[in-house]
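In: pasting a predicted model and its sequence here:
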Amino acid sequence: MSARKTERLLNLVICLLATRRYLSAEQIRRTVAGYEDLGDEAFKRKFERDKEDLRDLGIPLETGSDSTFDDEPGYRIRRDDYSLPDITFEPAELAVLGVAARTWQQASLGSAASGALLKLRAAGVDVDDAVPVAIETRVATSEPAFEAVRQATADRRAITFHYRTRDSTRHVEPWGLVSWHGRWYLVGHDRDRGDTRVFRVSRIVGDVRAVGRRGDVEVPDGVDIRKIVLQMVEDPVRISAKVLVRDGAAQGMRRRALSMEPHHDGWDLLELPVAHAERLADEAMGFGPDVVIVEPAEARAAVLARLRAVAATAVQWTGG
Amino acid sequence: MSGATDQLPRLLSLVPYLLTRPGAKISDVAKTFGVSEEQLSRDLELVYMCGLPGYFPGDLIEVDITASGRITVSNADTIARPLRLSRDEALALIVGLRMLADLPGLQEREAVDSALAKLENAAEEAAVASSAVAVEIDPPNRSPDTLAIVDRALRDRRRLHLSYYVPARDETTERDVDPMRVSVVAGRSYLEGWCRSAEAVRLFRLDRITSVELLDLPAEPPPDAQPRDLDAGLFQPGPDDVAVELIVAPAGRWVCEYYPCESVEELPDGEMLIRLRTPDTRWVRRLALRLGPTGRVVAPSDLAAAVAADARAALDAYATHGLTDS
């Protein structure tokens, strides 16, 4: 069944590539193998689906007519539009192309990447001539909403989705997707907020619905999606903190300290650039008894409250 | 059984591939196209039935297969060129190359740039859409010298000496490593190599290498040492791993997005039970402290007790410095 369809589509592609003139649906019905023995309605349905399938594969099916007197639309595929341009790669370039394709091995673009390599190989480029490269890259796209968001972004179509943060329904004009530390972020114009927003794709719950037409979304000039995401995820340094660090401990903090001096027996005093008090409290908590925050007092208070909570839970448990 | 939507694009690449390689071996072609030899035979039988309208012998594509399994295809001028790259295909390769272009100090840089330029040229409009997808790699600029030295060691097959920070133990370790490759996974770059102290293949995050020295010794990883299968996940649980259970409040849900968890179970009141396995529980202790009241270790019980002991010791440290705010 499916082999018969492939055969019909292949014959259709060959026929439409061979013709210089536009062929009407009726001419195609009479000449291309696979459409015989069909009633008018059945042919119409089948031909419509076939055209759709070819376009989905990226085959540039052209509609038009050779004469202005012709009302009936005709079809053809221009070879120049169809064919991969002449392209040759050096062995070193082939090697990095192979690495680039394998990047998506476990991701939603995996089959697109291997399909692309096959086309390059089909053009006469031999990827096997590649020199070995000692580098491997991987990108995961495990977020369920990723593919729907990516398609809408490529189609420049607005989307609506349910977002876990503040349990809200959002209407967004997608501008782009950025992966940072292995997580995907959507950058776009939030229609409800009337401003640029960044969304964690993993926090999109349920279906992503595309609204409006393809091409509706205009990405403003000068938008740098990477910069927008980095500004959001990387808190800029705003304050300078003072912390006491036990001898030899908290290497991670020592490495970014602005200054470091021995304080009293067994402890060093560090001056540390931090984004904000809460971030410092998070970091200091991780080092347990090896780090004591001197200032800001706000961060110290946060740590003390958390330490007391942890110590108290444990008492309850051992007591119960 | 592959559907028509997979088979047709394959045939449209297969025919030009074979036209440029008369006498190609069935086994090689099947491998290149990622199909079985049986599927390849079915593909070729199908191609053999197709051609120009009329479908007389002279119109049909010719396929010859010799007894020794060599294929020659002819009379297929209309589809002699492969189909141009689709939007998604161009995007996959271009975004992948741009990732490599962002790695500082890589010697393949020139090849990456030129391949990128050719591809962008060939893909035309399809390439434009590629700028809507980007992958950031950490550290982009923080350790360019580290990557350059590692890259050099890989090329010259030389041993490296590393000072390496291990956050789980909060210590800097010294070791000699025979480099095997650079791996970029989940936005971070790693050196993968044979660690001569651990006598095993180890991953070293480049931003945690505090210093690196190129030694005047050849790299000699054992012949059977294999880099990790990146598609099986970077962190594979071992047989001796400890099973840990954590309960987190809604404010601690981020844990399951940041750490490799085995399972996640929703509990009443928005709490979540997270199960994970780890060879070294020290980082869990640190994580549990960091979570404070928004999370707690429930198993193993000695780990829960250790977390509480850490909290009490930390409170004592504040007390000895007169910094308890009360």
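Out: Received it, and whenever you're ready, just let me know what you need.
In: helix or strand with the lowest mean pLDDT in chain B?
Out: Between all helices and strands in chain B, the lowest mean by mean pLDDT, DSSP states H and E belongs to helix B:125-128, at a mean of 76.
In: which residues touch that helix?
Out: If you take Cβ atoms under 8 Å, 6 or more residues apart in numbering or on different chains as the criterion, helix B:125-128 is touched by B:84-87, B:89-91, B:94, B:119-121. C-beta here means a position set from N, CA and C on the backbone, and glycine is covered the same way.
In: chain center to that helix, what's the gap?
Out: 25 Å (Cα atoms, centre = their mean, to the nearest Å).
In: how about it, which residues are buried there?
Out: Within helix B:125-128, the residues scored as buried using 16 or more other Cβ atoms under 10 Å in any protein chain shown are B:126-127.
In: and the next helix or strand past that helix?
Out: The C-terminal neighbour of helix B:125-128 among helices and strands, as given by DSSP states H and E, is strand B:133-135.
In: nearest spatial neighbour of the residue of the stretch 101-250 of chain A found nearest chain B, chain-adjacent residues omitted?
Out: Chain B sits closest to A:Gly182 of the stretch 101-250 of chain A, with a gap of 2.8 Å, by Cβ to the nearest Cβ. What sits nearest to A:Gly182 in space, not counting adjacent residues and going by Cβ to Cβ, 6 or more residues apart in numbering or on different chains, is B:Ala186, at 2.8 Å.
In: returning to what we had before: just the buried ones from the contacts of helix B:125-128?
Out: B:84-87, B:89-91, B:94, B:119-120.
In: of those, which ones also sit close to chain A?
Out: Checked against chain A using Cβ under 8 Å from any Cβ of the partner chain, the buried ones among the contacts of helix B:125-128 yield the following neighbours: B:84-87, B:89-91, B:94, B:119.
In: who's in contact with the closest residue to chain B within the stretch 1-150 of chain A?
Out: Residue nearest to chain B within the stretch 1-150 of chain A: A:Ala100 (2.9 Å; Cβ to the nearest Cβ). A:Ala100 sits next to A:113, A:137, B:92-97, B:99-100, B:115 when contact means Cβ under 8 Å, 6+ apart.
In: what comes up buried for the helix or strand containing it?
Out: In the assignment (DSSP H and E), A:Ala100 maps to helix A:91-102. Neighbour counts over helix A:91-102 (16+ other Cβ under 10 Å) mark A:92-102 as buried.
In: just those now: which is nearest B:Met272?
Out: Closest to B:Met272 out of the buried residues of helix A:91-102 is A:Arg102 (34.3 Å), distances taken as Cβ to Cβ.
In: does the closest one touch A:Ile135 like I think?
Out: No - with contacts defined as Cβ atoms under 8 Å, A:Arg102 does not count as touching A:Ile135, sitting 10.2 Å away.
In: in the chain, which strand is the longest?
Out: Just going to use chain A. In chain A, assigned by DSSP state E, the strand with the most residues is strand A:168-180.
In: that's the wrong chain, I wanted chain B
Out: strand B:171-185.
In: what is the burial count for A:Asp207?
Out: Close neighbours of A:Asp207, defined as other Cβ atoms under 10 Å in any protein chain shown, add up to 12.
In: C-terminal to whichever strand or helix holds it, what's the next element?
Out: Assessed by DSSP H and E, A:Asp207 sits inside strand A:204-211. Next helix or strand after strand A:204-211 toward the C-terminus (DSSP H and E): helix A:225-233.
In: kindly export that following helix (C-alpha atoms) in PDB.
Out: Coordinates of each C-alpha in helix A:225-233 appear next as PDB, following Å, rounded to 0.1, in the frame of the first residue of the first chain:
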ATOM      1  CA  ILE A 225      17.700  36.200  21.300                       C
ATOM      2  CA  ARG A 226      20.900  34.900  22.900                       C
ATOM      3  CA  LYS A 227      21.500  38.100  24.700                       C
ATOM      4  CA  ILE A 228      18.000  38.300  26.000                       C
ATOM      5  CA  VAL A 229      18.200  34.800  27.500                       C
ATOM      6  CA  LEU A 230      21.700  35.300  28.900                       C
ATOM      7  CA  GLN A 231      20.600  38.600  30.600                       C
ATOM      8  CA  MET A 232      17.800  36.700  32.200                       C
ATOM      9  CA  VAL A 233      19.700  33.600  33.400                       C
END
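In: which residues touch that helix?
Out: Outside helix A:225-233, the residues touching it (Cβ under 8 Å, 6+ apart) are A:175-178, A:180-181, A:185, A:187, A:196, A:198, B:132, B:134, B:136.
In: centre of the chain to that helix, how far?
Out: 14 Å.
In: and the helix or strand that that helix is followed by, anywhere near chain B?
Out: Next in sequence after helix A:225-233, counting helices and strands by DSSP H and E, comes strand A:239-246. Yes - Strand A:239-246 reaches chain B (Cβ under 8 Å from any Cβ) through A:244, A:246.
In: ok, and for strand A:239-246, which residues are buried?
Out: A:239, A:241-246.
In: next, give me the two most distant ones among those.
Out: Farthest pair in the buried residues of strand A:239-246, by Cβ to Cβ: A:Ile239 and A:Arg246, 22.7 Å.
In: which helices and strands sit right next to the host helix or strand of A:Lys119?
Out: Assigned by DSSP H and E, A:Lys119 falls within helix A:110-122. Here helix A:110-122 touches helix A:91-102, helix B:4-19, helix B:26-33, helix B:87-101, going by 3 or more Cβ pairs under 8 Å, 6 or more residues apart in numbering or on different chains; DSSP states H and E.
In: what residues go with each domain of the chain?
Out: The chain I'm using is chain A. Following automatic domain parsing, chain A resolves into domains at A:2-82, A:85-139, A:146-232, A:239-319.
In: not quite, go with chain B.
Out: B:4-79, B:87-132, B:148-231, B:242-320.
In: and those domains, which is most packed in?
Out: By mean neighbour count, with neighbours taken as mean count of other Cβ atoms under 10 Å in any protein chain shown, domain B:87-132 ranks first of the domains of chain B at a mean of 20.
In: kindly check the end-to-end length of that one for me.
Out: 12 Å (Cα to Cα, to the nearest Å).
In: any chance of the helices and strands packed on helix A:110-122 in TSV, with mean pLDDT too?
Out: What follows is those, written out as TSV (pLDDT from 0 to 100):
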stretch	mean pLDDT
helix A:91-102	90
helix B:4-19	89
helix B:26-33	93
helix B:87-101	93
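In: okay if I get those as CSV plus distance to B:Glu245?
Out: Formatted as CSV, the helices and strands packed on helix A:110-122 follow (distance: least, Cβ to Cβ, whole Å):
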stretch, distance to B:Glu245
helix A:91-102, 36
helix B:4-19, 43
helix B:26-33, 45
helix B:87-101, 36
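In: with respect to B:Asp229, which of the ones you listed lies nearest?
Out: helix A:91-102 (12.1 Å).
In: that closest one to strand B:171-185, inter-axis angle?
Out: 90 degrees (axes from the mean of the first three to the mean of the last three Cα atoms, to 10 degrees).
In: work out which residue lies at the spatial centre of chain B.
Out: The centre of chain B sits closest to B:Val185, judged by Cα atoms, centre = their mean, with a distance of 4.4 Å.
In: and the pLDDT at that one?
Out: Reading off the confidence values, B:Val185 has pLDDT 88.
In: could you list the low-pLDDT ranges of the stretch 151-300 of chain B?
Out: Within the stretch 151-300 of chain B, the stretches with pLDDT under 70 are B:232-239.
In: which residues of it fall in helices?
Out: B:255-258, B:282-291 (DSSP state H, counting those that start in this stretch).
In: and the longest one, what does it pack against?
Out: In this structure, helix B:282-291 packs against helix A:277-286, helix A:297-319, strand B:242-248, strand B:295-299, helix B:301-320, with contacts taken as 3+ Cβ pairs under 8 Å, 6+ apart.
In: that's a helix at B:Asp145, yeah?
Out: Yes - counting by DSSP: H, G, I helix; E, B strand; the rest coil, B:Asp145 is found in a helix.
In: brilliant, that's me finished.
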